[in-house]
Every structure is written in structure tokens, then in C-alpha cells.
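Student: any chance you could fold what I've pasted below:
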Amino acid sequence: MAGTMFSPSQGSFAGAKLSASRVVRAGNFYFVSGQAGADPELGIGQGDARAQTFQAFRNVEKALAEVGLTLKDIVKVNVHIDDPRDFVWMNLAMGELFPTNPPARTTVCAKAVIDTKVEVDVIAYKED
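Tutor: Got it, this is the predicted structure:
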């Protein structure tokens, strides 16, 4: 593996271990695997795309905290929404999460593997 597994926990969802590291560090960059807009214990998404965007970032925030980072360290976000009509709701949530100096972002429409409307993966950066 080119990167170093840095997170003390492996990814999991609804009690099942995933075959992906939750966070991988490569140099000063930290790559957080996709986090669905669902409660990881329940495994289901609740609410609209705005609510699920907030939930996805709570999940990202927990993953980043495991390696001593915060949402302020995010430099790039990839957002997957399952319905293009939900873009406006996801975008409103992103504006609230990052009111100033938002990270770079790509948004694509893709059918989620699980029953959610939103999934995000992020890249964070922290100098030693």
C-alpha cells in the first residue's frame, strides 16, 4: 500500500467491517473513505438530502478526529448524490458547514450502494 493506514479503526457500516481503511495518510494528506449520510450504527439514511449531508459530515468529522484533524483541515470534497434535484439541498448544507473558505468540491450523481441520498469522501491536509 502506497499510503499508511493511520486510523485506529477500520471502516464499518451497520456493524459490518468494510474492506477499506477509514482514513489513510500519504505524506501530509489524509484520505477519508466515503461516508454515507446515514447513522453508521443503524445503516439507514434518514431525512432529506440536507439532513443526510450533515450526517455524512458528522461521520467524516468522527473519522478525522481519530487522526487529530477537523473539518477545517479538509481541502477537497467529493459528493455523490443519488438524485440531481437534491443538489440544492446538499449545497445549502455545504454552505452552512463551510461558510468561509470552502474546500474544492466535485459533485456527481450516482446511485448509492445503500439506501441513502448522499455520500462524501474527503481529502484533508495537515502540516507536521
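
Student: where does pLDDT dip in this protein?
Tutor: Applying pLDDT under 70 to the chain flags residues 1-19, 43, 113.

Student: quick one: buried residues of the longest helix anywhere in it?
Tutor: Taking DSSP state H as the assignment, the helix of the chain that covers the most residues is helix 49-66. For helix 49-66, the buried set under the neighbour-count rule, 16 or more other CB atoms under 10 Å, comprises 49-57, 59-61, 63-64. In short, each C-beta sits where N, CA and C put it, glycine included.

Student: now it: how far from the chain's centre is it?
Tutor: 6 Å (CA atoms, centre = their mean, to the nearest Å).

Student: got the buried residues for the following helix or strand past that helix?
Tutor: Per DSSP states H and E, the first helix or strand lying C-terminal to helix 49-66 is strand 74-81. Of all the residues in strand 74-81, those buried under the rule 16+ other CB under 10 Å are Ile74, Val77, Val79, His80, Ile81.

Student: please save the CA atoms from strand 74-81 in CSV.
Tutor: Presented in CSV, the C-alpha positions along strand 74-81 are these (Å, rounded to 0.1, in the frame of the first residue of the first chain):
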residue,chain,number,x,y,z
ILE,A,74,-10.4,19.5,4.5
VAL,A,75,-9.1,20.7,1.2
LYS,A,76,-11.2,18.6,-1.2
VAL,A,77,-14.7,17.0,-1.1
ASN,A,78,-16.3,14.5,-3.4
VAL,A,79,-20.0,14.4,-3.1
HIS,A,80,-22.2,11.7,-4.5
ILE,A,81,-25.9,12.4,-4.6
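
Student: offset the numbering so it begins at 481, please.
Tutor: From this message on, residue numbering opens at 481, which makes the last subject strand 554-561.

Student: listing partners with orientation, what would you give for it?
Tutor: Strand 554-561 has its sheet partners listed here by DSSP bridges as strand 584-589 (parallel), strand 598-605 (antiparallel).
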